[in-house]
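*Asks:* Next input, structure requested:
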Amino acid sequence: MSNDVMISANDLSKNFGSFRALDKINFEVKRGEVFGFLGPNGAGKSTTMRILTCFISPTSGTARVNGHDVFDEPLRVRESLGYLPQRAPLYLEMSVLEYLRFAADIRRLDDDMFRKRAKNVVEVCGLAQVLGKEIRHLSHGYRQRVGLAQALIHDPPILILDEPTSDLDPNEKAEFLDYLKQIGKERTVMLSTHNLAEVEASCARAIIVSRGRIVADGALDEIRAKSGRVSYAVTIQESAGEGGYKGRGALPKKGEVEDALSKLAGVKKLEELPTDERAHAYQVLGEQDVDLRPELFRLVADKGWVLLELHRDAQSLEGVFRNLTIGDERRNRQLGAPAADEQDEDEDPSDEDEESDESDESEDSDGDEKAAEGDRS
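*Replies:* Residues are numbered from 1 along each chain as shown. A predicted model of the protein is given here:
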């Protein structure tokens with residue numbers, strides 16, 4: 001394996017009883033990549049991350065982190081990682097500084113290295129004003145900052161972040177995403193989130209999983225192109241307004257506009273967009289390899305209407321995501337569908353209390369994770 005490959009999965013699978021949370025997934029992530037790991041609830045995102053961070057073992061297949069096998073060399077893997085679960089398990093009675101010292105001791109940092117690293121992460125995570133406060137008195141946003149600080153304290157080459165901005169306000173989110181871009185130049189970052197705008201703002205690549213399988217992997221532009229269609233926003237003046245109507249023809253009615261647009265060659269779908277009473281607005285879907293803008297412009301001009309807006313967009317990442325994972329949503333709404341949290345029949349029932357306590361602190365919204373903490377095999 002190339003030294004530039006920092007994370008790799010080869011036919012990675014994980015079963016919980018009869019339920020297969022992961023089904024032979026394969027991917028590689030190289031040094032310096034910041035990539036989004038996406039999927040609906042129960043798709044297998046957090047199961048994958050917990051295998052990579054050595055919390056649970058795969059049923060079959062292999063995974064390597066920084067060249068180390070997650071099953072054979074779990075300590076070496078953990079040395080290479082900074083991990084921030086969706087809700088970091090913090091010791092609330094500790095102050096922020098005490099907790100960072102605790103995390104540094106676990107990572108075997110000496111005093112000089114701790115002071116150097118603590119100064120850096122405190123500045124990066126904006127913790128200077130709360131170092132002496134007990135974590136129990138901090139807001140959710142600041143607790144998330146503390147969790148990120150512990151993930152960075154040992155300067156790891158790889159970061160795995162599970163919904164890192166879920167409790168941050170808009171300003172904090174913007175600051176975090178800016179920082180993510182900076183550290184991505186030096187580290188490999190795996191970002192799991194339901195906020196697709198964050199992926200588009202900070203990642204060059206995304207992996208989308210659905211029902212335990214990878215359904216898309218590549219640059220964002222390549223994934224957007226999977227839909228095979230592009231959309232056009234078309235807005236046409238509907239009322240005269242204060243300045244009067246400037247078109248040559250009569251003011252168009254809604255039905256007239258819809259009929260003309262839908263009959264245009266190359267138009268596959270027409271959807272009305274919300275707008276005020278002064279305009280008709282539509283999203284027009286066409287094929288990827290045909291630009292409909294000239295025909296749309298000619299149509300409006302020939303009708304003598306006033307064109308207020310016309311622009312072309314590639315399919316949004318959100319749209320492609322919905323197209324690729326819609327089966328998961330439908331399955332979640334069907335009675336009798338396999339539960340994403342089915343547990344392995346061989347699990348020790350005595351582990352249930354421990355699992356419940358841990359889930360209160362760090363469980364995320366992925367349904368497949370309700371079984372994960374109980375399986376330490």
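
*Asks:* wait, what's in contact with G82?
*Replies:* 150-154, 156, 158-160 (CB atoms under 8 Å, 6 or more residues apart in numbering). Just so you know, the C-beta spots here come from the backbone N, C-alpha and C atoms, and that holds for glycine as well.

*Asks:* repeat that with 10 Å
*Replies:* 53, 103, 107, 148-161, 183, 187, 189 (CB atoms under 10 Å, 6 or more residues apart in numbering).

*Asks:* again, but for E186
*Replies:* Counting by CB under 10 Å, 6+ apart, the residues that E186 touches are 31-32, 155, 157.

*Asks:* Can you measure across stretch 46-62, start residue to end residue?
*Replies:* 17 Å (CA to CA, to the nearest Å).

*Asks:* Sort out which residues of it are buried, please.
*Replies:* Within stretch 46-62, the residues that count as buried by 16 or more other CB atoms under 10 Å are 46-56, 58-59, 61.

*Asks:* can you tell me which of the residues you listed are in strands?
*Replies:* Among these, the residues falling in strands (DSSP state E) are G61.

*Asks:* Buried subset of the contacts of E186, written for PyMOL?
*Replies:* Buried residues among those (16+ other CB under 10 Å), as a PyMOL selection:
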select buried, resi 31+157
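
*Asks:* Tell me which entries of the contacts of E186 lie within strands.
*Replies:* Going by DSSP E, the strands hold none of the contacts of E186.

*Asks:* Which strand or helix spans E198?
*Replies:* Element membership for E198 (DSSP states H and E) is helix 196-202.

*Asks:* Poorly predicted segments of this structure, please.
*Replies:* 1-3, 227-228, 239-249, 314-315, 327-377 (pLDDT under 70).

*Asks:* ok, now which ones touch K269?
*Replies:* 229, 231, 262, 283-286.

*Asks:* Now do the SS call for it.
*Replies:* strand (DSSP: H, G, I helix; E, B strand; the rest coil).

*Asks:* Next one: the residue lying closest to I214 once chain neighbours are set aside relative to L220, how far apart?
*Replies:* Nearest residue to I214, sequence neighbours excluded (CB to CB, 6 or more residues apart in numbering): I25, at 5.1 Å. For I25, the distance to L220 equals 20 Å [CB to CB, to the nearest Å].

*Asks:* Of these two, which one has the most company?
*Replies:* Between I25 and L220, counted using other CB atoms under 10 Å, the more crowded position is I25 (23 against 19).

*Asks:* hang on, the more buried one is in a strand, isn't it?
*Replies:* Yes: I25: assigned to a strand according to three-state DSSP.

*Asks:* what about D111, neighbour count?
*Replies:* 9.

*Asks:* Run a quick neighbour tally on E309.
*Replies:* There are 12 residues near E309, going by other CB under 10 Å.

*Asks:* Going through the contacts of G82, which ones are buried?
*Replies:* Those of those that meet the buried threshold are 53, 103, 107, 148-154, 156-161, 187, 189, by 16+ other CB under 10 Å.

*Asks:* Filter these down to just the ones in strands.
*Replies:* Per DSSP E, the subset of these in strands is 158-161, 189.

*Asks:* Name the nearest of those residues relative to M6.
*Replies:* I158 (5.6 Å; CB to CB).

*Asks:* What separation is there between the residue found closest to the closest one once you drop the neighbours it is linked to in the chain and E163?
*Replies:* The shortest distance from I158 to any non-neighbouring residue, by CB to CB, 6+ apart, is to T188 (4.7 Å). For T188, the distance to E163 equals 18 Å [CB to CB].
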